[in-house]
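Colleague: Sequence plus predicted model, see below.
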Amino acid sequence: MDSVCPRCHGSQESIVHVFFECPFANIIWRHLSHPLNIDNIPPRLAPEWIELILNPSTHLGLNPQDAHAFTLLAAIACDRIWWSRNKLVFDSSPPASPIDVTADINRSFSAYSNAWKLKMQPTISAWEPPPPGWVKFNFDVAITLSASFPSAIFRDSNRHFISIFTAKESISSLAWAKAKAALLAVSSAANLQLPSIIFEGDAKIVIDSIKAPSSTPFWDLRLIISNIQLLLPYFSQVVFNFCHRASNGLTHSIAFWASFCSTWGPQPISSIPSWVLCEDSDGQVPPLLSLPSVGLPDQ
């Protein structure tokens, strides 16, 4: 970086200037849920700022709990500051205000913190079938170094398989990959023309974003969530539920199997090894209910 800062137009753009010294960044750090007054910190090189973020107990005197929260918040802040800078430079987008960016950072931090609290709570491992007349679509994803593999499983109130779907996608983030798995589930359900659906996944951020799209904390999820919303009118009744990872194990096992075997699309039950299917909560291979393949409903 050796050009003039595109925001303040008053200094040469550098890593330290973009993230800490620019007045735009200074306002953001002051208004975070764990605020930081940059003016009270002596000038530092980029590696020294990284050290401060990773070890705030040493450099800022925070207790261990607050230090963990600050490191998470600072990482999100750096991500959003950089993203908003790139939107301004490369997309010619109207400049976002520092207050709007700060609000986005604080929402994301709250979502991550809540997810961490849920992870620390005791989990319930049993998969629950849907009520009579409904079907449940569980979704999850397996991630390798080069791709992500969403999977989705339809089961009815008798635990019968209706359909199994897998896909191959690129990698953006874990939340993005989980959202892609949700989109696979919803689009596959629309294809089967099933009226009353429960969609269930272990990514609370994705579930909450589908329920309240305007509160989506991650910019890279918004298009996926929008595409999911466009498909919802195909269903008479639709519910989105969060479940713990332990009760979503079969879906993850099928995603892992698909990544290992490089197979995606609708999956015949006969093609899936019994050791994968036995990841179900009751330890038994669930039966398959065969339904004819149909096209998307007329729009």
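Modeller: Structure received. Numbers count the residues shown, from 1 in each chain.
Colleague: how about the residue with the largest distance to the centre of the chain, what does it touch?
Modeller: Largest separation from the mean C-alpha position in the chain: residue 10, at 37.0 Å (Cα atoms, centre = their mean). For residue 10, the contacting residues are residue 4, by Cβ atoms under 8 Å, 6 or more residues apart in numbering. Quick note: C-beta positions are derived from backbone N, CA and C, even for glycine.
Colleague: What is the three-state secondary structure of it?
Modeller: When classified by DSSP: H, G, I helix; E, B strand; the rest coil, residue 10 comes out as coil.
Colleague: and the longest helix along the chain, how far from the chain's centre?
Modeller: If you go by DSSP state H, the chain has its longest helix at helix 64-90. Relative to the chain's own centre, helix 64-90 is displaced by 17 Å; criterion: Cα atoms, centre = their mean, to the nearest Å.
Colleague: Counting by contacts, list what the next helix or strand after that helix packs against.
Modeller: Counting by DSSP states H and E, the element after helix 64-90 in chain order, helix or strand, is helix 98-120. Judged by 3 or more Cβ pairs under 8 Å, 6 or more residues apart in numbering; DSSP states H and E, helix 98-120 is in contact with helix 23-30, helix 64-90, helix 204-211.
Colleague: For residue 242, find the nearest of the ones you listed.
Modeller: For the helices and strands packed on helix 98-120, proximity to residue 242 was assessed by Cβ to Cβ; helix 204-211 is nearest, at 4.6 Å.
Colleague: CA atoms of that closest one as CSV?
Modeller: Provided in CSV are the C-alpha atoms of helix 204-211 (Å, rounded to 0.1, in the frame of the first residue of the first chain):
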residue,chain,number,x,y,z
LYS,A,204,-27.6,-21.0,14.9
ILE,A,205,-26.4,-18.0,13.0
VAL,A,206,-27.8,-19.3,9.7
ILE,A,207,-31.1,-20.3,11.3
ASP,A,208,-31.5,-16.9,13.0
SER,A,209,-30.6,-15.2,9.7
ILE,A,210,-33.3,-17.1,7.8
LYS,A,211,-35.9,-16.2,10.5
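Colleague: on that earlier part again, and the residue farthest from the centre of the chain, how far from residue 17?
Modeller: Residue 10 is 10 Å from residue 17, where distance means Cβ to Cβ, to the nearest Å.
Colleague: For the spatially most central residue of the chain, list the residues it contacts.
Modeller: Nearest to the geometric centre of the chain sits residue 175, at 1.6 Å (Cα atoms, centre = their mean). Residue 175 makes contacts with 203, 205, 206, 218, 220, 221, as judged by Cβ under 8 Å, 6+ apart.
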